[in-house]
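Engineer: Predicted model and sequence below, questions to follow.
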Amino acid sequence: ARQHNITKRQLEVLRLMRQGFSNQAIAEQLSVSMPTVKSHVSAIFQALGTQSRSEAGKKAHQLGLD
């Protein structure tokens, strides 16, 4: 994850996204605010060069970030 500029927390968010959790559910699961989750999701998209959750999930799988 480090080589793709993804933090440990962003990796947690990514894993929950791939499991189908909504932003609200991720916020509750990680005990953070919705804006924090949205910030992490945006950073993940930027780091992976993607624009959607499904695209990010596929790219993460290709990169071995499962």
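Structural biologist: Alright, I've got the coordinates.
Engineer: In the protein, which residue is most central in space?
Structural biologist: residue 14 (2.6 Å; Cα atoms, centre = their mean).
Engineer: Show me which residues of the helix or strand hosting residue 61 are buried.
Structural biologist: Per DSSP states H and E, residue 61 falls inside helix 53-62. Across helix 53-62, burial judged by 16 or more other Cβ atoms under 10 Å covers 53, 56, 57, 59, 60. (C-beta placed from N, C-alpha, C; glycine too.)
Engineer: Which elements pack onto that helix?
Structural biologist: Contact here means 3 or more Cβ pairs under 8 Å, 6 or more residues apart in numbering; DSSP states H and E; on that basis helix 53-62 packs against helix 8-18, helix 34-48.
Engineer: Of all those, which one is nearest residue 65?
Structural biologist: Closest approach to residue 65 among those (Cβ to Cβ): helix 8-18, 6.7 Å.
Engineer: quick check: mean pLDDT across the helix or strand following that closest one?
Structural biologist: Next along the chain after helix 8-18, taking DSSP H and E as the criterion, comes helix 23-30. For helix 23-30, mean pLDDT rounds to 97.
Engineer: who's in contact with helix 23-30?
Structural biologist: 9, 12, 13, 16, 17, 21, 33, 34, 36, 37, 38, 41 (Cβ atoms under 8 Å, 6 or more residues apart in numbering).
Engineer: Likewise for stretch 33-43?
Structural biologist: 6, 7, 9, 10, 13, 17, 23, 24, 26, 27, 30, 53.
Engineer: Buried residues of that stretch, list them for me.
Structural biologist: 36, 37, 40, 41, 43.
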